[in-house]
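Colleague: Here's a sequence, model it:
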Amino acid sequence: MEQSALRNTAPPRHRHRFFAYVVLVIALAAFLLAGSIVHEAGDGVRLDAAFWVFALLAVVSDTPPFVRGGRDDSVPTFPSVCFTFAILIAYGSAPAVVVQLGAVVVAAVWLKHTFWRAAFNAAQYMLSFLAAGMLLPREALGDAHALLGGAAVLWVLAAAVTWFVVNNLLVSTAVWLRFGGSWRAVLGRAVVAEALPNGALLLSAPGLVAAAHVAVMLVPLALVSLFAVRRMTKLAAQRVEAGQRDPLTGLANRKALERAVAGWLCEHAERAEGGAAERRLALLLLDLDAFKQVNDALGHRVGDRLLVEVGERLTAAARDSGADNLVGRLGGDEFAVVVPHLRDTADARRCAAEVMSALAEPVLLDGLPIDVGASVGVAVYPEHGTDFAELMQHADVAMYDAKGRGDNLAVYAPESDHNTPERLSLLADLRRALESGPDGGIELYYQPQVALATGAVVGVEALLRWRHPRRGPIDPEELIRVAEHSSVMRLLTLRVVDEAIGQLAAWRDSTPAAGRVRVAVNVSVRDLHTGEIADRIAARLAQMSVDPSRLELEITESALMADPRRVLATLARLKKLGVAIALDDFGTGYSSMLHLRRLPLAEVKIDRSFVLGVTTDPDDAAIVRSMIDLARALGLRVVAEGVEDERTWRMLVEAGCDVAQGWYFARPMPPDRLLDWLSKTAARPVISTK
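Modeller: Have a look, this model is predicted:
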């Protein structure tokens, strides 16, 4: 529904009380006007030429060239007020009200007001003028010197204030009854919005009366200033409008979206204060998929046309979902949709799916069909934020969560947010701990890896541990989640690599049994995007005179999928150094023969989620056997994680697994305890192979 239509209707939930108030105001105004006409009929005020000039100018000034605002403005300002208030000062209430009625009729015609709207406007002005007229000395009517001279001018100012107060009380009460919320807040906004324009019009009336007393023909000159003010106001409004529109698509920009959301949130809060059922507001953030490829392949002009078409489709879909929905473009290929009136989060997800359906069909540009996909993140007020900035931040998190999961829609979930205040604080503490050296509470524990054929310890996996000064031990998974999306991950990886290589050197020099084991270190996606990790490892191995074959780096399949070209280049350099590469969490990602062939792997590690169920779940057992057979066919060593009992160990031995680790053999332990453990097992196998 268009705004112009909305202004002439009342929400169904408030219809009865609103229209009852409108009828009451109209009836009261008609009754008081009749009494005023009878009362002033005997005053003998002469309607001279000045009156007719004021009356004509009042009607003319309420035509489009002079009125501030347009058909879409909910509360336009009518310049006729300055001329009718001048009539009130010089000729009394009844003539002023009659002339104002004529001006209201003219304005109602071009603004396309319904009958009840025009009648209410007429009644509000009637009551305002009648209340103001009660303060003016009746004996001075028609005598400009008496009204504008001496202390009497204070009564004119008091009448202007009375007119302003009564008018805003009537209008604000109507708005409150129509839309609900806080009456005090509605009145406050009305006073702020109308104080300057209506105050200026009312206070210009005494000057018009004085000008008419000198020469009637001076009065029409007021139209020149009104027209100039109207033009300046219109230009200012156009500049404001341009500042709130995206220049390419014509959609609302970030500033306009923020302003609209603030207004709706205020309305929701007022409804809640009034005891009404709480409503939800959803912010949908959309990012087009592969838009850069369109720009690169077809040029930016075609890309711009695509953005315009997408904006039009989203606007049409949003309007179909709800009349008040607002679509905006944030820049680049990011769009936002605000859905202000929802029942719950499920309703928000449904609306998001409907909006997304607008992009299902390809966009046809110059005869070329272009598939336009998008990922959308949804944040809902008040569950996911209480202001625009917080909703935008959480919608952005949800959008990237959708992209990361290969989905096209996601609702904000705190567990997907890596930038909560708690995590940011923990990240800052982690950075300080890394920069403070050995005193930061960060250390490596080592879990032995046992060759199933011999029972000998052939390697250890370095596992990160951090004891926070206030929170105590931090869960390793939480630690990685906090760090992996920030630059702190680089510092953490370099620290782990340095310490692991240093530990290999220390074991080589002190304990021959420990010096022969291999140390496996996990590295993240970010670590493999540049050659820095390879440079750092090469330098540290040379510095510590450590055999590169004693170091193994564990990577995940997602590392390869993120940027295959750069990752493969880094892995090739590491293999050339003699560092072994292991594929961690094998079976949980996107493994395929192609991936296994293209990676310079020495080992695959079967994820513990499969190993834990090999003795109880036939499916897990079949999967584990298949992965072992596949890896051995490719000449890769197989390590099983999560071995916690003898039955699992024996099943893995029968399946042909090479190496295993888990609590059945040993728990992760610090370096000094590992040395004691190794010394006890040096003379005998960890387990019997019989």
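Colleague: Just give me the residue right at the centre of the chain.
Modeller: By Cα atoms, centre = their mean, the chain has its centre lying nearest to M392, at 1.2 Å.
Colleague: Quick check: nearest residue in space to that residue, chain neighbours excluded?
Modeller: Excluding the flanking residues, the one nearest M392 by Cβ to Cβ, 6 or more residues apart in numbering is L283, at 6.5 Å. All C-beta atoms are positioned from the backbone trio N, CA, C, and that covers glycine.
Colleague: pretty sure that neighbour is in a helix, no?
Modeller: No. Looking at L283 with DSSP: H, G, I helix; E, B strand; the rest coil, it is strand, so not inside a helix.
Colleague: coming back round to it: pretty sure the residue nearest to the centre of the chain is touching E334, no?
Modeller: No. Assessed by Cβ atoms under 8 Å, M392 is found out of contact with E334, at 10.5 Å.
Colleague: Give me the common contacts of the two.
Modeller: L285 (Cβ atoms under 8 Å, 6 or more residues apart in numbering).
Colleague: what packs against the longest helix along the chain?
Modeller: Scanning the chain for the helix with the most residues, using DSSP state H, yields helix 183-214. Using 3 or more Cβ pairs under 8 Å, 6 or more residues apart in numbering; DSSP states H and E, the elements in contact with helix 183-214 are helix 49-60, helix 80-91, helix 144-148, helix 152-179, helix 222-242, helix 254-273.
Colleague: Just the buried positions in it, please.
Modeller: Neighbour counts over helix 183-214 (16 or more other Cβ atoms under 10 Å) mark 183, 185-187, 190, 194, 197-198, 201-202, 204-206, 208-213 as buried.
Colleague: Just list the residues touching the residue nearest to M392, thanks.
Modeller: 261, 336-339, 378-381, 385, 388, 391-392, 395.
Colleague: Tell me the first helix or strand C-terminal of the helix or strand bottoming out on mean pLDDT in the chain.
Modeller: Among the helices and strands of the chain, helix 3-6 carries the lowest confidence by mean pLDDT, DSSP states H and E, at a mean of 37. Using DSSP states H and E, the helix or strand that follows helix 3-6 in sequence is helix 15-40.
Colleague: For that next one, name the packing helices and strands.
Modeller: Applying 3+ Cβ pairs under 8 Å, 6+ apart, we find helix 15-40 packed against helix 93-111, helix 115-133, helix 152-179.
Colleague: Between those, which one is closest to P668.
Modeller: Ranking the helices and strands packed on helix 15-40 by proximity to P668 (Cβ to Cβ) places helix 152-179 first, at 62.4 Å.
Colleague: tell me what that closest one is packed against?
Modeller: Using 3+ Cβ pairs under 8 Å, 6+ apart, helix 152-179 is in contact with helix 15-40, helix 80-91, helix 115-133, helix 144-148, helix 183-214.
Colleague: Same list (these) but as CSV, adding mean pLDDT and distance to R573.
Modeller: Below are the helices and strands packed on helix 152-179 laid out as CSV (pLDDT from 0 to 100; distance: least, Cβ to Cβ, whole Å):
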stretch, mean pLDDT, distance to R573
helix 15-40, 79, 74
helix 80-91, 87, 80
helix 115-133, 88, 76
helix 144-148, 54, 92
helix 183-214, 79, 65
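Colleague: I'd like those helices as a markdown table, with distance to W663 appended.
Modeller: Formatted as a markdown table, those follow (distance: least, Cβ to Cβ, whole Å):
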| stretch | distance to W663 |
| --- | --- |
| helix 15-40 | 70 |
| helix 80-91 | 85 |
| helix 115-133 | 78 |
| helix 144-148 | 98 |
| helix 183-214 | 62 |
